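A.B. asks: After the sequence you'll find the predicted model.
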Amino acid sequence: MSDPQSDRRLPDHALLHHRLSRQTLLRGAAGAMLGMSPLVAAACGGGSSSSTTQTTTGGTPKRGGVLRVSFASAGTAETLSPLIAVTPIDQARVQQLYDPLIITNPDFSTSPGLALEWNHNADATMWEIKLRSGVTFHNGKDFTADDVIYSIKQMAKPSSYALPFVSNINPRDIKKVDKLTVQVPLTSPDADLPSNFAQYNTWIFQDGETDFKHPVGTGPFVYQSFTPGQQSVFTRNPNYWQSPKPYVDTLKIIGITDNGARLNALLSGQIDAMGMLPTAEAKAHQSTGDIVVLAGKSPQPVMFYMDVTKPPFNNNDVRTAMKLIVDRPAMIEGALNGFGSVGNDIVGKGLPFYDTSLPQRVQDIAQAKSLLRKAGQQNLTVELQTSQIIPGFVESATLLAQQAKAAGVTINLKQVPANSYYNPSLLYLKMAFAETQWAITGIKFFYLQALAKDAPYNETHYVSSSFSNLLTKAIGETDKTKAQDYWNQVQSIQYNQGGYIDWVAADWVDGLSTKVKGMVPSGAGALGNMSFMDAYFG
């Protein structure tokens, strides 16, 4: 790297006006969220209240017990490695064993995790990270700069799903300034590098970790056993730096693919919490009160996606027609029982840099027909692959097929097993027309994973060098007004040309036993963003 400061510690004057301290991290995105309630994520364009939800807070936390949590199984593809985790059940495990450099709070504000300060030079091409002292790994080893450097270098490998978050880091020139300080040189500016390290693929593991068969992290729970497709067993970390958390002695994460079976297990007391409660059941159980319905507003997109390289979706007129076919309010009510707000084919509703100037796309069957005629696809027939892995997938696919008939489009549904839908070796990234769901904490977060150059989850297979260059400018711009302009251009391209039909910003809706206390809804993810260290029985 040509920056002359790449081989020495940044001088204090270079960092004076570019410092992210404990205080600014605590404020984090909160200022941009316009003072939203801590239980409300950013989904409803600045909405001020969450969905009707019960609470698990109150009382003094008690220690002890076995917390049993269930998500849909992802089969033999399940992993304990943050580098290749992809499904909700993978995320649940990762977030118990490891820790992030930066913590995302329920309202999308941030707090210091393993990193206490982030300092950058004038053009945001060099960052210095000051790490937390007194943190130990599960095997007793001290957490140091060596672990961060090693983790980032592993993230930078082509096989890592964390690659887009570190792709502009020069891994060879990362420097250990001292035991708890790391200097990170970038190949291009990044005005908000800390946000790259919030997502679970970037959580930090021990220097020298290779196979993750018996992983050692700094997280709230310690590995005991793992059977892919079935369950994992973790025990309380007695030396956790966020003492007195966690409160439960043992955590079991269990794979139950069928939504009905998972709910029955919760109702019968076989499990204590289930991620992704079907919304029809959530509405019913909100009334009965026999379980706690943990629901909160979120920018979580649930989308249909089209492979822009495969016919007929390689024709943008066809893609636009498909976007115009959707009756979004009707789909939210019919597929999600009202647990969500209308999407507009770009991700991140309510988050900083979201483009609110784009006109809301509404159903327009006449225009859809006109575009299909122009494309020579008046009697279009396509196959849509769906699955029960995410509540609302099959219901929304069914509704889309019904709505498409008015435009002369026949959509044949193919329901595939949940344990293969997000398996890259089987179906994932190979389907021409399918569905997806994202837990997002920021707009950059999504674009780096789905639409940037070499993005690991390029579901639409959209590739454009000019788009990638524009995205790089948006990420690196330190002036917020200019950055907004770049981000608007990025989003306009996807709105007009992209392969996503983003019809909803869906609420997170989960179920808990009434015995479980301490958990609150989070806009960042299911079951309080998997914060099981907060749970206790009362």
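C.D. replies: Received the coordinates, thanks.

A.B. asks: And the strands in the stretch 401-538 of the chain?
C.D. replies: 410-415, 433-437, 500-506, 508-512, 516-517, 536-537 (DSSP state E, counting those that start in this stretch).

A.B. asks: Remind me what the fifth one packs against, helices and strands.
C.D. replies: With contacts defined as 3 or more CB pairs under 8 Å, 6 or more residues apart in numbering; DSSP states H and E, strand 516-517 has these neighbours: strand 536-537. The way it works is simple: take the backbone N, C-alpha and C, and place the C-beta from them, glycine included.

A.B. asks: just the last one next, same as before
C.D. replies: If contacts are counted by 3+ CB pairs under 8 Å, 6+ apart, strand 536-537 sits against strand 516-517.

A.B. asks: cool, and the fourth one?
C.D. replies: Using 3+ CB pairs under 8 Å, 6+ apart, the elements in contact with strand 508-512 are helix 259-267, strand 273-274, helix 279-288, strand 292-296, helix 526-530.

A.B. asks: could you dump these to TSV with mean pLDDT, distance to residue 431 and mean neighbour count?
C.D. replies: As requested, the helices and strands packed on strand 508-512 are exported to TSV (pLDDT from 0 to 100; distance: least, CB to CB, whole Å; neighbours: other CB atoms under 10 Å):
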stretch	mean pLDDT	distance to residue 431	mean neighbour count
helix 259-267	95	21	18
strand 273-274	98	26	28
helix 279-288	94	24	17
strand 292-296	93	29	26
helix 526-530	94	23	25
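
A.B. asks: now for these, which one comes closest to residue 149?
C.D. replies: helix 526-530 (26.2 Å; CB to CB).

A.B. asks: any residues touching that closest one, and which ones?
C.D. replies: With contacts defined as CB atoms under 8 Å, 6 or more residues apart in numbering, helix 526-530 is touched by 69, 71, 88, 91-92, 95-96, 104, 106, 273, 275-276, 294, 439, 508, 510, 512, 519-522, 534.

A.B. asks: how deep is residue 171 tucked in, by neighbour count?
C.D. replies: Counted with other CB atoms under 10 Å, the neighbours of residue 171 add up to 15.

A.B. asks: and if you look at residue 139?
C.D. replies: Neighbours of residue 139 (other CB under 10 Å): 10.

A.B. asks: Wait, it touches residue 217, no?
C.D. replies: No - under the criterion of CB atoms under 8 Å, residue 139 makes no contact with residue 217, lying 9.8 Å away.

A.B. asks: re earlier: JSON lines for the helices and strands packed on strand 508-512, including distance to residue 111?
C.D. replies: Listed next are the helices and strands packed on strand 508-512 as JSON lines, based on distance: least, CB to CB, whole Å:
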{"stretch": "helix 259-267", "distance to residue 111": "30"}
{"stretch": "strand 273-274", "distance to residue 111": "23"}
{"stretch": "helix 279-288", "distance to residue 111": "29"}
{"stretch": "strand 292-296", "distance to residue 111": "18"}
{"stretch": "helix 526-530", "distance to residue 111": "13"}
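
A.B. asks: Counting by contacts, list what the one helix or strand residue 146 maps to packs against.
C.D. replies: Assigned by DSSP states H and E, residue 146 belongs to helix 145-155. Counting contacts by 3+ CB pairs under 8 Å, 6+ apart, helix 145-155 is packed against strand 126-131, helix 163-166, strand 175-178, strand 181-185.

A.B. asks: Just the helices from the stretch 1-150 of the chain, written as ranges.
C.D. replies: Residue ranges of the helices in the stretch 1-150 of the chain, as given by DSSP state H, counting those that start in this stretch, are 12-15, 22-27, 88-97, 145-155.

A.B. asks: and residue 418, how far is that from residue 71?
C.D. replies: Separation of residue 418 from residue 71 (CB to CB, to the nearest Å) stands at 10 Å.

A.B. asks: mind showing which ranges of the stretch 1-150 of the chain have poor pLDDT?
C.D. replies: Within the stretch 1-150 of the chain, the ranges that satisfy pLDDT under 70 run 1-58.

A.B. asks: and with 80 instead?
C.D. replies: The stretch 1-150 of the chain contains residues with pLDDT under 80 at 1-59.

A.B. asks: Do you have the strands of it handy? List them.
C.D. replies: Under DSSP E, counting those that start in this stretch, the stretch 1-150 of the chain gives strands at 19-20, 66-71, 102-104, 110-112, 115-120, 126-131.

A.B. asks: circling back to that earlier point, just say which of the helices and strands packed on helix 145-155 is most tucked in.
C.D. replies: The highest mean neighbour count among the helices and strands packed on helix 145-155, using mean count of other CB atoms under 10 Å, belongs to helix 163-166: a mean of 25.

A.B. asks: In PDB, list the C-alpha atoms belonging to it.
C.D. replies: Taking C-alpha atoms only, helix 163-166 is exported to PDB below (Å, rounded to 0.1, in the frame of the first residue of the first chain):
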ATOM      1  CA  LEU A 163     -14.800 -12.000   2.200                       C
ATOM      2  CA  PRO A 164     -16.900  -9.000   1.000                       C
ATOM      3  CA  PHE A 165     -16.600  -7.400   4.500                       C
ATOM      4  CA  VAL A 166     -12.800  -7.600   4.400                       C
END
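
A.B. asks: what comes into contact with that helix?
C.D. replies: For helix 163-166, the external contacting residues (CB under 8 Å, 6+ apart) are 152, 155-157, 196-197, 199, 201-202, 448-449, 452, 454-456.

A.B. asks: related to what we said a few turns ago, in TSV: the strands of the stretch 1-150 of the chain, plus distance to residue 79.
C.D. replies: As requested, these are exported to TSV (distance: least, CB to CB, whole Å):
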stretch	distance to residue 79
strand 19-20	31
strand 66-71	14
strand 102-104	22
strand 110-112	26
strand 115-120	25
strand 126-131	26
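
A.B. asks: I would like a PyMOL command selecting only the buried ones among the contacts of helix 163-166, please.
C.D. replies: To isolate the buried members of the contacts of helix 163-166 in PyMOL, using 16 or more other CB atoms under 10 Å:
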select buried, resi 152+155+156+196+197+199+201+202+448+449+452+455+456
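
A.B. asks: Run the angle between the longest helix seen in the chain and strand 500-506 for me.
C.D. replies: Assignment by DSSP state H gives helix 480-497 as the longest helix of the chain. Interaxial angle of helix 480-497 relative to strand 500-506 (axes from the mean of the first three to the mean of the last three CA atoms, to 10 degrees): 120 degrees.
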